[in-house]
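Undergrad: Generate a structure from the sequence data that follows.
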Amino acid sequence: MKTTLKSIAAVSALSLGALSLGELATAQSLSPSVTPNLLLKGENMAVLNAQNLGDRSYVVPAPGPDATQIRMKLKGYVFGFRVIKSDLITTFDDNSYASYTDAKSSGLAALLKKMEIWSVTKGRYDKTGLRPDWHVQQNTDKKNRRVEMNYDRNAGAVDVAIEPRLGSQGVPPATPRERYSANDTISGIMHLMMMGTKINGELCEGRVPFFDSKQHYNLRLERIGTERVKFDGDKEEAIHCQAYYEPVAGYDPEDLPSEEEASTPINVYFKYYEEAGVHVPVRFTYKISGFTAVVKVDDIEIVPPR
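TA: Residues are numbered from 1 along each chain as shown. Sure thing, here's the model as predicted:
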């Protein structure tokens with residue numbers, strides 16, 4: 001059950017050149033010629049560097065006029081109760097991207113722990129796929145765990161710093177090659193959105209690899225067809241895909257999915273937005289062991305290139 005709910009939830013101090021956050025916000029409100037920056041709406045972007053584990057500061061450049069920006073607000077429900085609220089903001093141009101996500105769960109008895117987590121990723125991409133430069137994740141629960149993943153393209157390796165440290169890296173742990181070659185969790189979402197448009201491959205086909213600082217897994221994708229689904233207050237046609245969670249390495253025995261969980265797909269519905277040039281996941285559903293979980297886009301904002 002823990003693996004099931006983790007899968008559902010996942011499928012949910014900033015430097016900006018010479019301008020501070022306040023200065024840029026003021027400039028945007030006064031001048032329509034300034035490209036708006038949706039990343040500024042990320043609740044935790046201002047504290048990106050507040051708890052750094054080393055000397056490195058993480059910088060997210062302001063988007064230029066050629067950037068596409070997308071903000072999605074998502075809400076998740078179990079038994080009709082809202083249990084997850086998430087924000088996903090991404091900006092990308094022809095070869096680089098930066099993304100912010102946060103997720104808050106209210107807790108639902110023994111089914112879902114109360115959780116607050118946010119993360120930021122910056123990287124580059126081409127037709128062959130995404131290559132993150134760094135990924136920062138901050139839990140704001142009692143442990144206040146911080147994760148920083150820094151990628152060295154020359155060495156072909158990723159350095160993973162975690163504080164407080166994890167008690168285990170799983171049996172067997174993910175290899176250095178598995179860690180480096182997989183997407184971080186946000187880059188994986190971007191990979192799904194860009195398939196068939198910005199990067200090679202067809203939407204909802206093949207496997208997309210993920211590494212979340214401990215666990216390495218794949219999402220195996222199958223395209224089902226088209227279907228009208230409700231999101232953002234309306235019912236529209238979307239592409240229906242199924243995603244199967246496949247653990248690879250970095251798991252403790254108790255974290256492995258049950259046979260039922262492994263064989264039950266998450267239903268993902270994508271809508272193509274021409275102004276953004278990518279497919280956006282607008283609805284997720286999961287039915288298992290007598291309960292249904294639904295995560296859907298409640299509001300979407302797109303700033304196309306100028």
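
Undergrad: Please enumerate the helices of the chain.
TA: 2-10, 21-30, 176-181, 185-194, 259-263 (DSSP state H).

Undergrad: Mean pLDDT lowest where, among the ones you listed?
TA: Least confidently modelled of the helices of the chain is helix 21-30, at a mean of 38 by mean pLDDT.

Undergrad: nearest spatial neighbour of M193, skipping sequence neighbours?
TA: Computed as CB to CB, 6 or more residues apart in numbering, the closest residue to M193 that is not its neighbour in sequence is V278, at 4.6 Å. C-beta: built from backbone N, CA, C; applies to glycine.

Undergrad: The one you found pairs with what?
TA: Per DSSP bridges, the residues bridged to V278 are Y273.

Undergrad: do you know how far it is from A98?
TA: 15 Å (CB to CB, to the nearest Å).

Undergrad: re earlier: find me the pLDDT at the residue nearest to M193, would you?
TA: For V278, the predicted pLDDT is 98.

Undergrad: what sits against the nearest residue to S263 once chain neighbours are set aside?
TA: What sits nearest to S263 in space, not counting adjacent residues and going by CB to CB, 6+ apart, is Y244, at 7.9 Å. Counting by CB atoms under 8 Å, 6 or more residues apart in numbering, Y244 touches 219-222, 262-263, 265-266.

Undergrad: try 10 Å
TA: For Y244, the contact set (CB atoms under 10 Å, 6 or more residues apart in numbering) comprises 7, 207, 218-222, 257, 261-266.

Undergrad: now these: which count as buried?
TA: 7, 218-219, 221, 257, 261, 264-266 (16 or more other CB atoms under 10 Å).

Undergrad: Narrow those to those in strands?
TA: Among the buried ones among the contacts of Y244, the members found in strands (DSSP state E) are 218-219, 221, 266.

Undergrad: Export those residues to JSON lines and append columns for distance to P304 and pLDDT.
TA: What follows is these, written out as JSON lines (distance: CB to CB, whole Å; pLDDT from 0 to 100):
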{"residue": "N218", "distance to P304": "32", "pLDDT": "97"}
{"residue": "L219", "distance to P304": "28", "pLDDT": "97"}
{"residue": "L221", "distance to P304": "27", "pLDDT": "98"}
{"residue": "I266", "distance to P304": "29", "pLDDT": "96"}
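
Undergrad: Beta-bridge partners for the residue nearest to D184 when sequence neighbours are not counted, please?
TA: In space, and not counting its chain neighbours, D184 is closest to H135: 4.0 Å by CB to CB, 6+ apart. Taking DSSP bridges as the rule, H135 bridges to T121, M149.
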